[in-house]
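A.B. asks: sequence first, predicted coordinates after that:
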Amino acid sequence: MTVGRIYLTTPIYYVNAAPHVGHAYTTVNADAIARWHRLMGDEVMFLTGTDHHGLKIQRAAEAAGESPQVWSDRNSQAFEDANVLLNISNDDFIRTSEPRHYESVAWLLQRVKDNGFIRKGTYEGLYCVGCEAYYEPSDLIEVNGEPNCCPIHKRPVEFVVEDNYFFELSAFEDKLLAWLDANPDAVTPVSKRNEVLGFIKSGLRDFSISRSSISWGIPLPWDPEHVTYVWFDALTNYATAVGLGRDQERFDHWWPTVHHMVGKDILRFHCVYWPAMLMAAGLLPPQQINVHGFLLIGGEKLSKTGFAQIYPQDLADEFGVDAVRYHLLREVPLGADGEFSHEGVVARYNSDLANNYGNLVARTATVVEKKCGGVGPAPRADSPLAAVAAEVLADVSAAWLEPLPAKALEATWRLIRETNAYLEQNAPWKADPGPEVDAVMGDALEALRIVTVLTAPAMPTICQDVWERLGLPGQVLDQRVPAAAMWGGYPGGLTVTKGTPLFPRK
RNA sequence: GGCGGCGUAGCUCAGCUGGUUAGAGCAUUCGGCUCAUAAUCGAAAGGUCGGCGGUUCGAGCCCGCCCGCCGCUACCA
């Protein structure tokens, strides 16, 4: 299966907090998928970025005595730094405070309004002056016998009526259901798709898209007294980056090949609001939205266990960037929540990386050195490993496209295990140098070559290292699957280098 | 309350439209090997497939009830 062209996104991260493993989880998964598609020869655009608007940012900036622009841009840099650290291959990095985004948001809003899906209305709510925010009655608490108090400021909220513009989400129930019905894979995994369906079927209500009480945001084109409130601002970033309203040709090139990678907390906005907004503008909804769960530490959501936060830099210092990437991709499959622990990282690092992959490279190189004069022989066309490799390639390819990186890596490791067993069975270290030993070692080298191609999206740097140890020229990332992962690609006659352990045991 | 999902070896999980002795990885035990990062290979052990009842020639997979756990139930980024 070839996709041909794909536009991948991560959410834009709110610059209110520093990047942690949760962000890394989403971003690394999206990155590996993007790299897999490049390996397939697909034309790929991969976007990530940061969300700069909203009251929290405005407040935090004020508290710091800075403009929201300066404050948010500085915090945004931390996310760019994290991307560099984690070897993220994004083609663009968007900030919602950029002029291009203001242009695209204004264009989209005007278009939706012209199509008749934005109306003026009044937003009535319980407003806390201290928070400058509205609350739902269920959020309020009782303080000293006084009901309806703000949970933060512990004082009564006020009933306020504010002029707002509303997006007529209610007009899109049928269209959204029809879209999901016609595109069973539009939302993955199925459990999340069901949630979306349930939500839509329960009835959709229009939502407010503007605020006149906030100044840090994008003004509405037809009423500059209001700034855009959340949805049209944040979600539109995906369209901004490919030129919505500014470069029609470019936009048409990439839309709607877009695949969004999002956490389950923002599922509804991406699977209901966003498609409806696009439809309202006469545009097509996203091709796919991949919803993942949360990393848990001791059963608790990462972001809520403040003291227990783990930062990518610390993990990278201890295990190396590629090992961290591998772990994030392999340990918790996309979809459900999963436990993240230091012990878990160590265990998987030792078993998968040090004992299996790293050690296979080491033992193979040593035997080639001792029995083949350090020159890697060519594999046999009819090697028993050839059939395994073919199955693995098929499984791995399918898994990356689901997309389930964890499943893809698990399938890849099968070839590593089979190769270790193959070496055991043939025990080339016992035999005298000759055609038999050459054949076995050629097979092992070929299996390693294939494993390394298939693993490159997950661990680009280590795999390039292995690529060179095998004596192969060029860049592993320049290889193209499936051709480059088919049996028989190792030419033989190349100098094999052992080198130091790729993954020293912990 | 409503809607949805989950509960399978010590741990993390696979098990498509029901069909011979229920699978994988890790962990454990035993044995082999010694090329390798005390890595690796083989074998074994380990499960009343949450419980009860039903449909069926036959159910982990279908139906009903029960127990336990979780998610969503909107303008919070």
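C.D. replies: Done, it's in. Residues are numbered from 1 along each chain as shown, chains lettered A, B, ... in the order given.
A.B. asks: neighbours around the residue in chain A positioned nearest to RNA strand B, how many?
C.D. replies: At 2.0 Å from RNA strand B, residue A:358 is the closest residue in chain A, using CB to the nearest atom of the strand. (C-beta placed from N, C-alpha, C; glycine too.) Other residues within reach of residue A:358, judged by other CB atoms under 10 Å, total 21.
A.B. asks: hmm, residue A:498 and it touching each other?
C.D. replies: No: if you go by CB atoms under 8 Å, residue A:358 and residue A:498 don't touch, sitting 11.5 Å apart.
A.B. asks: quick one on the thing from earlier: can you classify the residue of chain A closest to RNA strand B by secondary structure?
C.D. replies: helix (DSSP: H, G, I helix; E, B strand; the rest coil).
A.B. asks: check the spacing between it and residue A:4 real quick.
C.D. replies: 35 Å (CB to CB, to the nearest Å).
A.B. asks: ditto for residue A:424
C.D. replies: Following CB to CB, the distance that separates residue A:424 from residue A:4 is 42 Å.
A.B. asks: can you check residue A:53 too?
C.D. replies: 35 Å.
A.B. asks: repeat for residue A:105
C.D. replies: 29 Å.
A.B. asks: now residue A:149
C.D. replies: For residue A:149, the distance to residue A:4 - CB to CB - is 56 Å.
A.B. asks: with neighbour numbers in mind, choose between the two.
C.D. replies: residue A:149 (18 against 10).
A.B. asks: could you pull up phi and psi at residue A:384?
C.D. replies: Backbone torsions for residue A:384, taken as degrees, to the nearest 10, come to phi -60, psi -30.
A.B. asks: then residue A:49?
C.D. replies: Given degrees, to the nearest 10, the pair of backbone angles that residue A:49 has is phi 170, psi -170.
A.B. asks: how about it, what does it touch?
C.D. replies: By CB atoms under 8 Å, 6 or more residues apart in numbering, residue A:49 lies in contact with A:10, A:12, A:13, A:79, A:92, A:93, A:94, A:95, A:96, A:237, A:241.
A.B. asks: need the three-state assignment for the fourth one.
C.D. replies: In other words, residue A:79. Relying on three-state DSSP, one would call residue A:79 helix.
A.B. asks: wait, it touches residue A:15, no?
C.D. replies: Yes: judged on CB under 8 Å, residue A:79 makes contact with residue A:15 at a distance of 7.3 Å.
A.B. asks: what is in contact with those two at once?
C.D. replies: residue A:50.
A.B. asks: between these two, which is the more surrounded one?
C.D. replies: Set side by side, residue A:79 and residue A:15 show more neighbours around residue A:15, with 28 against 23, by other CB under 10 Å.
A.B. asks: who's in contact with that one?
C.D. replies: Residue A:15 sits in contact with A:50, A:51, A:52, A:57, A:72, A:75, A:76, A:78, A:79, where contact means CB under 8 Å, 6+ apart.
A.B. asks: just the ones of these in helices?
C.D. replies: A:57, A:72, A:75, A:76, A:78, A:79 (DSSP state H).
A.B. asks: can you pull the pLDDT of the second one?
C.D. replies: On the pLDDT scale, residue A:72 is placed at 91.
A.B. asks: from residue A:35, how far out is residue A:331?
C.D. replies: 19 Å.
A.B. asks: and residue A:210, by the same measure?
C.D. replies: With CB to CB as the criterion, residue A:210 and residue A:35 are 39 Å apart.
A.B. asks: the two: who's more crowded?
C.D. replies: residue A:210 (27 against 21).
A.B. asks: for that one, name its beta-bridge partners.
C.D. replies: For residue A:210, the beta-bridge partners under DSSP bridges are residue A:228.
A.B. asks: show me the contacts for it.
C.D. replies: A:164, A:165, A:220, A:223, A:226, A:227, A:228, A:229.
A.B. asks: also within reach of RNA strand B: list those from those.
C.D. replies: residue A:229 (CB under 7 Å from any atom of the strand).
A.B. asks: mind giving me the ChimeraX select for the contacts of residue A:210, buried ones only?
C.D. replies: This is how ChimeraX selects the buried members of those, with burial counted by 16 or more other CB atoms under 10 Å:
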select /A:164,165,220,226,227,228,229
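A.B. asks: now for the contacts of residue A:210: which two are most distant?
C.D. replies: A:223 and A:229 (12.7 Å; CB to CB).
A.B. asks: get me the contact residues on the stretch 351-500 of chain A for RNA strand B.
C.D. replies: A:351, A:354-356, A:358-359, A:361-363, A:366-367, A:370, A:417, A:420-421, A:423-425, A:427, A:429-430.
A.B. asks: which ones among the residues you listed map onto helices?
C.D. replies: Per DSSP H, these map to helices at A:359, A:361-363, A:366-367, A:370, A:417, A:420-421, A:423-425.
A.B. asks: give me the buried entries from those.
C.D. replies: A:359, A:361, A:362, A:367, A:420, A:423.
A.B. asks: which of those residues lies closest to residue A:435?
C.D. replies: residue A:367 (15.0 Å).
A.B. asks: okay, and the closest residue to residue A:227 other than its chain neighbours sits in which element?
C.D. replies: Leaving aside its chain neighbours, residue A:227 sits nearest to residue A:217 (3.1 Å; criterion: CB to CB, 6 or more residues apart in numbering). Remark: residue A:217 resides in no helix or strand, with elements defined by DSSP states H and E.
A.B. asks: wait, residue A:217 touches residue A:211, no?
C.D. replies: Yes: proximity of residue A:217 to residue A:211 meets the contact threshold set by CB under 8 Å, at 7.4 Å.
A.B. asks: need the overlap of contacts for the two.
C.D. replies: Joint contacts of residue A:217 and residue A:211 (CB under 8 Å, 6+ apart) are A:227, A:229.
A.B. asks: need the contacts of residue A:210 in TSV with distance to residue A:61 and pLDDT, can you?
C.D. replies: Formatted as TSV, the contacts of residue A:210 follow (distance: CB to CB, whole Å; pLDDT from 0 to 100):
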residue	distance to residue A:61	pLDDT
A:164	24	85
A:165	25	92
A:220	22	93
A:223	25	92
A:226	20	89
A:227	15	88
A:228	18	90
A:229	18	81
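A.B. asks: now do the residue located most distally from the centre of chain A, the pLDDT please.
C.D. replies: For chain A, the residue at maximal distance from the C-alpha centroid (CA atoms, centre = their mean) is residue A:432, at 49.6 Å. As predicted, residue A:432 sits at a pLDDT of 94.
A.B. asks: for it, give me its contacts.
C.D. replies: So residue A:432 contacts nothing (CB under 8 Å, 6+ apart).
A.B. asks: likewise residue A:215?
C.D. replies: Contacts of residue A:215 by CB under 8 Å, 6+ apart are A:58, A:227.
A.B. asks: got the phi and psi for it?
C.D. replies: Dihedral angles (degrees, to the nearest 10) for residue A:215: phi -110, psi -20.
A.B. asks: what count of nearby residues applies to residue A:194?
C.D. replies: For residue A:194, using other CB under 10 Å, the count is 11.
A.B. asks: helix/strand/coil for it?
C.D. replies: Under three-state DSSP, the three-state class of residue A:194 is helix.
A.B. asks: okay, it: pLDDT?
C.D. replies: pLDDT, residue A:194: 86.
A.B. asks: re earlier: residues in contact with the residue nearest to residue A:227?
C.D. replies: A:53, A:54, A:211, A:227, A:228, A:229, A:233.
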